[in-house]
Each structure stands twice: as C-alpha cells, then as structure tokens.
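In: prediction below, plus the sequence it came from.
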Amino acid sequence: MEWTRGWLLEPSWLKPAHNKLKGNQHAIAAVKDRRATLAGEIQQFKDAIAYRHEQLAHLDATIKLLDPNFPIDTIPPKRPRRVKLFAAGEWAGQSGTRCARQTTRHSVRRRSPRPSPRTTGADRPEYRALT
C-alpha cells in the first residue's frame, strides 16, 4: 500500500482520482461554449445600446437646431410596438413546422417550364418553335 507524503499521511486510494474528471470534459466544453455565446450576446447588446445612444444624441442635436428652447427632457420614452405575425401558439410545435412547410411549399413554385441542361427541349411543345 502506498502512502503519500504531505500534511496528513493518508493512503493514495483515498485521494480523489483525476481520471474521474475526464468524464466531465464534454460537459465543461458545452458550458464554456454556452458562456462564450452569452458573453458575445451581451457584447452585441452593449454595442447596440451605444449605437442607439449616438442616434439619440444626433436626434437631440437636430431638435436643438430646429428649436433651441425646446425641453428635450420632457419627451417620454415610447415602448416599441411588437409586430404580431402569427397568432398565439400558431408557430409553436408541430403546427409551426407544418406552417413553415406550407409557407415554403407555396413560396417555391416554378416560374416557367425550362428544359434540363441535358436535353434540347425539342420534345416539349413550347420549345419546338425555338429549335
């Protein structure tokens, strides 16, 4: 039996095995990836806020050009309107998948019958006059 040297002498089989941590490598990688994604989203939101502050400063300057005595602080913030494209629950679950398939099926349609590149199209009536 091996004994480790250290503050307290204890058998080596009582020490936590480092190879048990190898099973968590996939979980750690997934959590690190998720953290990086969230950090990137936060940075994008901060950049968007900074850009909107710049836009707001330009609008304030424009208002001051048009009316130097206008109190800009009296303009209350307005809640942005949300555009409702689908009814509640219409895009969720299988109905959403069905809706997406129907939308794709209806939006992708043939514009005009064209011959394939392998054929001349002479066998089709609409292309006989061209050959």
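Out: On my side now, so go ahead.

In: okay, CA-based contacts and neighbour counts for the rest of this
Out: OK.

In: just the helices in the chain please.
Out: For the chain, applying DSSP state H gives helices covering 25-66, 93-107, 125-128.

In: residues in contact with Gly23?
Out: Gly23 makes no contacts at all, as judged by Cα atoms under 8 Å, 6 or more residues apart in numbering.

In: and the gap between it and Lys32?
Out: Distance, Gly23 to Lys32, using Cα to Cα, to the nearest Å: 15 Å.

In: swap in Arg52?
Out: Distance of Arg52 to Lys32, given as Cα to Cα: 30 Å.

In: one more: His53?
Out: 31 Å.

In: same thing with Phe45?
Out: To Lys32, Phe45 is 20 Å away according to Cα to Cα.

In: cool, and Ala39?
Out: As judged by Cα to Cα, Ala39 and Lys32 stand 10 Å apart.

In: next: Pro80.
Out: Per Cα to Cα, Pro80 is found 34 Å from Lys32.

In: ok, Val31 - how many residues close by?
Out: Applying other Cα atoms under 10 Å, we find 12 residues neighbouring Val31.

In: can you check Phe86 too?
Out: As a measure of burial, Phe86 has 10 neighbours, counting by other Cα under 10 Å.

In: confidence score at it?
Out: pLDDT, Phe86: 77.

In: same check on Pro76?
Out: pLDDT, Pro76: 94.

In: what number of residues lie near it?
Out: What Pro76 shows, counting by other Cα under 10 Å, is a neighbour count of 7.

In: so where is this structure shaky, pLDDT-wise?
Out: For the chain, applying pLDDT under 70 flags the ranges 1-22, 91-131.

In: at 80 what do you get?
Out: By pLDDT under 80, the weakly predicted segments of the chain are 1-23, 86-131.
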